[in-house]
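Peer 1: Turn this into a structure:
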Amino acid sequence: MHPTFAPFPATRLRRMRRTPALRALAQENALGLGDLIWPVFVRDGVNTRDQIASMPGVERLSVDLVVKAAEMAAGLGIPAICLFPYTDPALKTADCREAWNPDNLANRAIRAIKAAVPDIAVMTDVALDPYNLHGHDGLVQDGIILNDETVEALVKMTLAQAEAGADILGPSDMMDGRIGAMRAALEGAGHKDVAILSYAAKYASAFYGPFRDAVGATGALKGDKKTYQMNPANSDEALRLVARDLAEGADMVMVKPGMPYLDICRRVKDAFSAPTYAYQVSGEYAMIRGAALNGWIDGEKAMLESLMCFKRAGCDGILTYFAPDVARLIRAGL
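Peer 2: As a prediction, this is how the structure comes out:
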């Protein structure tokens, strides 16, 4: 027993679990609307949506429907939406030039959302995989992912997204030096207020499979991403990566995936006291949703428990495909 507690029976820890009121008074963490960032997939077309088979309940939406989704999210009190484009395969090239096209799918969606729902924060993905003929987050030469050349491409992508009106840039590529290059470019171009939420500790995970289906990268990807995404066996390395990205100008940092890496979330928050986020990735979502649809678990309770664990681990917010569902429950008083 901890020395500040009286021994049993004077101390009965169950006392504070006896009723809902007592449990509420003793609750250490809370899940709120301000914790939510909603990842959304955008596709070409008008009034067009299609289901993602490996992510039940998640759809790719045309820009006009993404705007409606953003309006719904704002109405629910969700503070931020994150865009991921499903790029026409005909536009995917080895040099990834569509990534910085001012009129590409993501940039059109940014402008449309900011015009219709100016108060919602729009976050973007800064990586080349949606535009890459090879399916990788970086430029590829002779099977090697090029770091410095990729960073140059990411800077061009960064500026195009900032010009389109993005509030938060999410570099998910895991190239060395990209945060410093992005921050310098933003400052130089007058975009000093654009925030960077760095995917600082992004692991080479098996939990990304449904996402790659969603953005159309599954068939294109050759090999794996282990030369630039983190080894799941490492945790000290995550702290070095976070320290570097904060030193280079990141405003916020992310751990990805989420639930398998709660220990990393806690270590990052304790070490740096910086705004820390987790991405409850597609595989995590699919497992919970799939099990719920089969009647194996209570989907609503599992969803809420899974999100609360991020708060307990020290996260300031979560990127989750459950955002609208949980927002409705929060507004209803859980």
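
Peer 1: tell me which residues of stretch 272-290 are tucked away?
Peer 2: Using 16 or more other C-beta atoms under 10 Å as the test for burial, stretch 272-290 gives 274-290. (C-beta placed from N, C-alpha, C; glycine too.)

Peer 1: Apologies, that question was intended for stretch 232-246.
Peer 2: So, applying 16+ other C-beta under 10 Å, buried residues of stretch 232-246: 238, 239, 241, 242, 243, 244, 245, 246.

Peer 1: ditto for stretch 148-167
Peer 2: 150-151, 153-155, 157-167.

Peer 1: And for stretch 225-233?
Peer 2: Here stretch 225-233 shows 225, 228, 229, 230 as buried, counting by 16+ other C-beta under 10 Å.

Peer 1: How far does it stretch from one end to the other?
Peer 2: By C-alpha to C-alpha, to the nearest Å, the extent of stretch 225-233 from end to end equals 15 Å.

Peer 1: just for the stretch 51-200 of the chain, where's the confidence low?
Peer 2: By pLDDT under 70, the stretch 51-200 of the chain contains no weakly predicted segment.

Peer 1: now the stretch 201-334 of the chain
Peer 2: Using pLDDT under 70, the flagged stretches of the stretch 201-334 of the chain are 217-219.

Peer 1: For it, just list every one of the helices.
Peer 2: 209-215, 236-248, 262-272, 282-293, 299-312, 323-331 (DSSP state H, counting those that start in this stretch).

Peer 1: closest to residue 128 out of those helices?
Peer 2: With C-beta to C-beta, the closest approach to residue 128 among those belongs to helix 209-215: 11.7 Å.

Peer 1: Need the helices of the stretch 201-334 of the chain in TSV (columns: distance to residue 99).
Peer 2: Below are these laid out as TSV (distance: least, C-beta to C-beta, whole Å):
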stretch	distance to residue 99
helix 209-215	13
helix 236-248	21
helix 262-272	28
helix 282-293	21
helix 299-312	30
helix 323-331	26
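
Peer 1: quick one, which of the ones you listed is nearest to residue 57?
Peer 2: Across the helices of the stretch 201-334 of the chain, residue 57 has its closest neighbour in helix 282-293 (6.0 Å, C-beta to C-beta).

Peer 1: List the contacts of the closest one.
Peer 2: Applying C-beta atoms under 8 Å, 6 or more residues apart in numbering, the contact partners of helix 282-293 are 54-58, 205-211, 214, 257-260, 297-300, 302-303, 306, 320-322.

Peer 1: Any of those residues buried? List them.
Peer 2: Members of the contacts of helix 282-293 classed as buried by 16+ other C-beta under 10 Å are 54-55, 58, 205, 207-211, 214, 257-260, 297, 299, 302-303, 306, 320-322.

Peer 1: Next, the buried residues of stretch 299-316.
Peer 2: Using 16+ other C-beta under 10 Å as the test for burial, stretch 299-316 gives 299, 302-304, 306-311, 313-316.

Peer 1: which residue ranges form the strands in this protein?
Peer 2: 36-43, 49-51, 59-62, 80-85, 121-126, 140-141, 144-145, 168-171, 195-202, 252-256, 276-280, 317-320 (DSSP state E).

Peer 1: Next, find the distance separating residue 140 from residue 160.
Peer 2: Using C-beta to C-beta, to the nearest Å, residue 140 is found at 21 Å from residue 160.

Peer 1: Turn the strands of the chain into CSV, including distance to residue 107.
Peer 2: Formatted as CSV, the strands of the chain follow (distance: least, C-beta to C-beta, whole Å):
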stretch, distance to residue 107
strand 36-43, 10
strand 49-51, 20
strand 59-62, 15
strand 80-85, 9
strand 121-126, 9
strand 140-141, 24
strand 144-145, 24
strand 168-171, 12
strand 195-202, 17
strand 252-256, 22
strand 276-280, 22
strand 317-320, 20
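
Peer 1: Of all these, which one is nearest residue 327?
Peer 2: Of all the strands of the chain, strand 36-43 sits nearest to residue 327, with 6.2 Å by C-beta to C-beta.

Peer 1: what packs against the helix ranked longest in the chain?
Peer 2: Selection of the longest helix in the chain by residue count, based on DSSP state H, yields helix 147-164. Using 3 or more C-beta pairs under 8 Å, 6 or more residues apart in numbering; DSSP states H and E as the contact test, the elements touching helix 147-164 are helix 105-116, strand 121-126, strand 168-171, helix 178-188.

Peer 1: Tell me what angle that helix forms with strand 195-202.
Peer 2: Interaxial angle of helix 147-164 relative to strand 195-202 (axes from the mean of the first three to the mean of the last three C-alpha atoms, to 10 degrees): 150 degrees.

Peer 1: Keeping just the C-alphas, turn helix 147-164 into CSV.
Peer 2: Written as CSV, here are the backbone C-alpha positions of helix 147-164 (Å, rounded to 0.1, in the frame of the first residue of the first chain):
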residue,chain,number,x,y,z
ASN,A,147,15.7,11.6,-48.6
ASP,A,148,17.0,15.0,-49.6
GLU,A,149,15.3,15.0,-53.0
THR,A,150,12.0,14.0,-51.3
VAL,A,151,12.4,16.9,-48.8
GLU,A,152,12.6,19.3,-51.7
ALA,A,153,9.4,17.9,-53.1
LEU,A,154,7.7,18.1,-49.8
VAL,A,155,8.6,21.8,-49.5
LYS,A,156,6.8,22.4,-52.7
MET,A,157,3.8,20.4,-51.5
THR,A,158,3.9,22.4,-48.2
LEU,A,159,3.8,25.7,-49.9
ALA,A,160,0.9,24.7,-52.3
GLN,A,161,-1.2,23.5,-49.3
ALA,A,162,-0.4,26.7,-47.3
GLU,A,163,-1.4,28.8,-50.3
ALA,A,164,-4.7,26.9,-50.5
